[in-house]
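K.L.:
here you go, sequence then predicted model.
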Amino acid sequence: MTTVTINDVEMEARPGERLLDIARRNGAHIGFVCDGTGFCQTCKLKVLAGSESLNPPTELEKTWIPEQRLQEGWRLGCQAAVRGRGPVVALTNAEELRRQTFAVFNPPPGTNVADNVSALTRNILQQNIDQIAGYPFNMLNAVSRIGLGRLINPWQSVERFNQWLSDTAKVIDQTLRSPVPAPSADPLDRVRAAAADARRASE
Ligand code: FES
């Protein structure tokens with residue numbers, strides 16, 4: 001069983017399982033508006049350790065995520081699947097935005113509101129610039145790969161739709177009840193620390 005840590009929480013992963021499915025099963029803070037078809041990008045996450053234990057980026061990821069961001073570890077949770085023994089450590093974009101927003105209202109020691117507004121704005125701007133830079137080819141390419149049928153109805157069955165509803169409710173409930181990590185100088189610090197721990201454990 002491979003260990004995957006998403007948003008600081010350690011989870012067990014089955015071989016071949018997608019990071020999105022692991023996160024959904026555990027109610028981790030992640031988006032999945034398109035139910036994993038590869039269109040909405042709300043499942044975007046950053047792999048901080050263990051990228052060698054995942055499949056290489058798929059064509060859909062290359063469509064949406066610029067090469068430089070792929071190099072930085074950005075993936076789509078619905079496209080990245082466990083292939084090795086791990087451990088894998090990742091922080092979802094949804095959770096990063098939550099932490100950055102929290103830091104605006106509760107500036108970590110040594111920072112002020114302006115620093116944190118700037119970090120949050122940079123993150124949002126960067127994501128939008130990446131999208132706009134590839135438009136409309138990224139959109140057209142994704143539509144042709146996924147197909148209109150799945151785009152219009154990603155669930156394809158009542159059972160899948162019910163599962164999507166149930167997982168969405170679980171993620172919202174768990175996210176609202178889970179404390180926002182203690183403010184730190186960098187919202188990613190705690191995840192980096194977890195990555196270092198995981199690396200040490202695997203050595
Ligand atoms: S869930 Fe929509 S792109 Fe991954």
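P.N.:
Perfect, I can see it now.

K.L.:
show me the contact partners of stretch 50-66.
P.N.:
For stretch 50-66, contacts defined as CB atoms under 8 Å, 6 or more residues apart in numbering pick out 2, 4, 19, 38, 41, 44, 47, 70, 73-76, 79-89, 130-131, 133-134, 138, 141-142, 145-146, 198. Quick note: C-beta positions are derived from backbone N, CA and C, even for glycine.

K.L.:
the closest residue to G36 other than its chain neighbours: what secondary structure?
P.N.:
For G36, ignoring the flanking residues on the chain, the nearest one in space by CB to CB, 6 or more residues apart in numbering is C78 at 3.8 Å. Applying DSSP: H, G, I helix; E, B strand; the rest coil to C78 yields a three-state assignment of coil.

K.L.:
tally of neighbours for C78?
P.N.:
Neighbour count of C78, defined by other CB atoms under 10 Å: 28.

K.L.:
and what of the one 4 residues further on?
P.N.:
V82 is surrounded by 24 other residues when neighbours are defined as other CB under 10 Å.

K.L.:
now do G110
P.N.:
Neighbour tally, G110, other CB under 10 Å: 8.

K.L.:
just the one 3 residues further on next, same as before
P.N.:
By other CB under 10 Å, the residues close to V113 number 12.
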